[in-house]
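1. Have a look at this prediction, sequence included:
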Amino acid sequence: MKDLLHTGVADEGGKRNACVVTAPPATEIPASLAKARLLASLQDRRSWKPAMMDPDREVPRALLTTLLEAACLAPTHGLTEPWRFLIVTGEARQRLATHLPTVYDLVTPAAQQRPEKRAKLTTLFHQAPVTIILACHHAPDSKIPLLENQLAVACAVQNLHLAAHAAGLAAMWSTPPLVYTEAAKPVLGLETHEHGLGFFFLGWPQPGSSPPPISRQPWPEKTRWITC
Ligand SMILES: Cc1cc2nc3c(=O)[nH]c(=O)nc-3n(C[C@H](O)[C@H](O)[C@H](O)COP(=O)(O)O)c2cc1C
């Protein structure tokens, strides 16, 4: 039996036994992960509403570059690297604030229209100094399923979020339903085969503000051990 920890599958005399799955004893984890700061960072990362960001404090382009480099390190099946990031700053934010409410009117069924949701589309982009439009590039003849390309983008967004957190920035992924529509594509600046996956708001935290702590259900409630 070799390297159980990494494969999770026993290999006895060349015969694989998919029945055996083990995990390292909990006490070994901090030692083997000398990078316990990574775990702390995962625990501390939060979603910050744009209203909690300082609208007047710019995020330097060099820092944005670092975050984007981190995002692009995400895993990607078939190396399609499907993530696309459109960085909207400064005056360009007004274009989104001007045109997205019209898209909202167009794509939202009358019975579901909410004035406060529409109004948010005019304010959000000025509360956050940076909006990153998130998109997935997926060619129709791709050998990789659309879902897998979208999953790779989600991995990239998590990298982005963790890197932003490490830099002391506040960030949030937001997905108003209109981002998925064809009508929004020209306003968002998306090209053929690029599918909108949301907005990533980014900025420095307003002094004294912080998002409420959010707990998760204990991991055993989400886990089943398959041992035989
Ligand atoms: C794919 C995705 C879409 C999200 N969309 C929204 C959204 O539209 N509005 C919002 O307030 N938060 C959105 N969030 C952020 C969640 O609300 C947030 O992750 C959740 O409340 C847990 O908080 P935490 O990120 O601070 O742990 C989204 C998160 C993900 C992963």
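-> Cool, got the structure.

2. Residues contacting the helix or strand residue 161 falls within, please?
-> Per DSSP states H and E, residue 161 falls inside helix 146-166. Residues from elsewhere that reach helix 146-166 (Cβ atoms under 8 Å, 6 or more residues apart in numbering): 41-42, 44-46, 66-68, 70-77, 80-83, 132, 134-138, 142, 170-171, 173, 195, 197, 200, 202. (C-beta placed from N, C-alpha, C; glycine too.)

3. Which of these are buried, as a ChimeraX select command?
-> To isolate the buried ones among the contacts of helix 146-166 in ChimeraX, judged by 16 or more other Cβ atoms under 10 Å, type:
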select :46,67,68,70,71,74,76,80,82,83,132,134,135,136,137,138,170,171,173,195,197,200,202
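
4. could you pick out which of the contacts of helix 146-166 are near the ligand?
-> Residues of the contacts of helix 146-166 in contact with the ligand (Cβ under 6 Å from any ligand atom): 46, 173.

5. Now stretch 130-138: average pLDDT?
-> Mean per-residue pLDDT for stretch 130-138: 98.

6. And for it, what's in contact with it?
-> Applying Cβ under 8 Å, 6+ apart, the contact partners of stretch 130-138 are 59, 64, 80, 82-89, 93, 96, 124-125, 146, 149-150, 152-153, 157, 160, 173, 188-190, 193-203.

7. close enough to count as contact, residue 175 and residue 196?
-> No. Residue 175 is not in contact with residue 196 according to Cβ atoms under 8 Å; the separation is 9.0 Å.

8. the more surrounded of the two?
-> Comparing residue 175 with residue 196 by other Cβ atoms under 10 Å, the one with more neighbours is residue 196, at 24 against 12.

9. which stretches of the chain form helices?
-> Under the criterion DSSP state H, the chain carries helices at the ranges 4-7, 29-32, 36-44, 61-71, 92-107, 115-127, 146-166, 185-188.

10. got the angle between the fifth one and helix 115-127?
-> Computed by axes from the mean of the first three to the mean of the last three Cα atoms, to 10 degrees, the angle separating helix 92-107 from helix 115-127 equals 160 degrees.

11. by contact count, what packs against helix 92-107?
-> In terms of contacts (3 or more Cβ pairs under 8 Å, 6 or more residues apart in numbering; DSSP states H and E), helix 92-107 is packed against helix 115-127, helix 185-188.

12. now the end-to-end length of stretch 101-121.
-> 6 Å (Cα to Cα, to the nearest Å).

13. next one: stretch 221-228
-> Start-to-end span of stretch 221-228 (Cα to Cα) is 20 Å.

14. before we move on, what about stretch 84-97?
-> For stretch 84-97, the first and last residues are 21 Å from each other (Cα to Cα).
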